[in-house]
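**Student:** turn this into a structure:
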Amino acid sequence: MARYQADPVVARIERVTAQRPALAPIMELYRQWYAALDRLPPLAGAVRISEEEAARKLAQGLPVLHDCELPLHVDALQQALKNLLELVAQANSSSYPEMAEALRRLKQELPSQMPYLVQAAIPQADHWTRRRLARQYGLDEAVLVTILTMLMRPAHTIWWESVANLVLDRPWSRGYCPGCGSGPALAELQGKEGALHLRCGMCGADWAYPRLRCHRCGTRNPQTLGILQIYDDLESPFVRTCSACRDYLKVLVCYAPNPPEMLPIEDIATLELDFAAERAGFTHGIGPAFSS
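**Tutor:** A predicted model of the protein is given here:
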């Protein structure tokens, strides 16, 4: 069964493309990338961890996947990265020919570079590992990080879904992911009650979080917490802001949680909110929120 080309995902990509023509190139990139993923075998295997070990980690504030053996299917991962590099190169061949050439050179040298790329793709990777690889191929580091994030999201989703049943019924009130430790990419107001849930930008985990608390610095001071809206419709996305740490988080209004593969699409579809928040002096924290 196609996961990444499921009807709701394809329909959302088509709707974003029609409503926001400026986003058509990135939507087309995701459409082709998702089609490639559905043709490949899984990029990762299930994580093995006991219920007792998971409970111990959560009680200590550790993500469940922390220090676990994370099975990767390297052949499938390499083929996926090969496909992704070519897709990004094609999308930028006219506007950024030097970048496209660098990506194709990296694609040709994948067999020798794959161990380093896998190391660099882990969210908690050493910043210098990524910088060295980017410089070696003449790439902007942000471009490399974006590509590696797109590559590793499906693997992280597999890892999370293999341990999710060990997490869902246990308390977790931290602002970083109970699965992989990454920071939230988005939040959702779910159900008729509008309960706030944070959504991991890497594995897609979903966890409840207090509405009157900053996800980044943890402040509960209502005088520092605010809302930024650019749409009149009350069911449209908006931004949660914190004047204490100057962080922000976009919030989607939905009755049911979005599947993990939909989150990057929704993140891109709401770029107007990012621009508005940045103009107001807020920034969204980048990278993992958990560090051991």
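**Student:** can you tell me the average pLDDT over the helix or strand where Leu84 lies?
**Tutor:** Following DSSP states H and E, one finds Leu84 within helix 74-92. Averaged over helix 74-92, pLDDT sits at 97.
**Student:** give me the buried stretch members for that helix, please.
**Tutor:** For helix 74-92, a neighbour-count test (16 or more other Cβ atoms under 10 Å) marks 76-89, 91-92 as buried. (Each C-beta comes from the backbone N, C-alpha and C, glycine too.)
**Student:** and what of stretch 166-175?
**Tutor:** Quick answer for stretch 166-175 (16+ other Cβ under 10 Å): 166-167, 172, 174-175.
**Student:** His66: what secondary structure?
**Tutor:** With DSSP: H, G, I helix; E, B strand; the rest coil as the basis, His66 sits in coil.
**Student:** check what pLDDT it gets.
**Tutor:** On pLDDT, His66 comes in at 93.
**Student:** go on, Arg130?
**Tutor:** At Arg130, pLDDT is 88.
**Student:** is it true that it touches Thr146?
**Tutor:** No. Arg130 lies out of contact with Thr146 (Cβ atoms under 8 Å); the separation is 11.1 Å.
**Student:** what packs against the helix holding Leu84?
**Tutor:** Using 3 or more Cβ pairs under 8 Å, 6 or more residues apart in numbering; DSSP states H and E, the elements in contact with helix 74-92 are helix 24-39, helix 97-108, helix 110-121, helix 141-163.
**Student:** between helix 141-163 and that helix, find me the angle.
**Tutor:** Counting by axes from the mean of the first three to the mean of the last three Cα atoms, to 10 degrees, helix 74-92 lies at 140 degrees to helix 141-163.
**Student:** now do helix 74-92 against helix 24-39, angle only.
**Tutor:** 160 degrees.
**Student:** now, of the helices and strands packed on helix 74-92, which is deepest in the fold?
**Tutor:** helix 141-163 (a mean of 21; mean count of other Cβ atoms under 10 Å).
**Student:** centre of the chain to it, how far?
**Tutor:** 7 Å (Cα atoms, centre = their mean, to the nearest Å).
**Student:** going forward, the N-terminal residue is numbered 7.
**Tutor:** Yes, from this point I'll number from 7; that puts the last item at helix 147-169.
**Student:** average pLDDT for stretch 197-209?
**Tutor:** Mean predicted confidence for stretch 197-209 is 95.
**Student:** buried residues in that stretch?
**Tutor:** Here stretch 197-209 shows 202-209 as buried, counting by 16+ other Cβ under 10 Å.
**Student:** part of a helix, is Trp213?
**Tutor:** No. Counting by three-state DSSP, Trp213 is located in no helix; its state is strand.
**Student:** state the distance from it to Arg18.
**Tutor:** 23 Å (Cβ to Cβ, to the nearest Å).
**Student:** please apply the same query to Pro216.
**Tutor:** 29 Å.
**Student:** for Val245, same thing?
**Tutor:** 20 Å.
**Student:** neighbour count winner among those two?
**Tutor:** Taking other Cβ atoms under 10 Å, Val245 and Arg18 do not tie; Val245 has more neighbours (22 against 17).
**Student:** neighbours of the residue nearest to Ile32 when sequence neighbours are not counted, how many?
**Tutor:** Excluding the flanking residues, the one nearest Ile32 by Cβ to Cβ, 6 or more residues apart in numbering is Ile274, at 5.8 Å. Residues lying near Ile274 (other Cβ under 10 Å) number 17.
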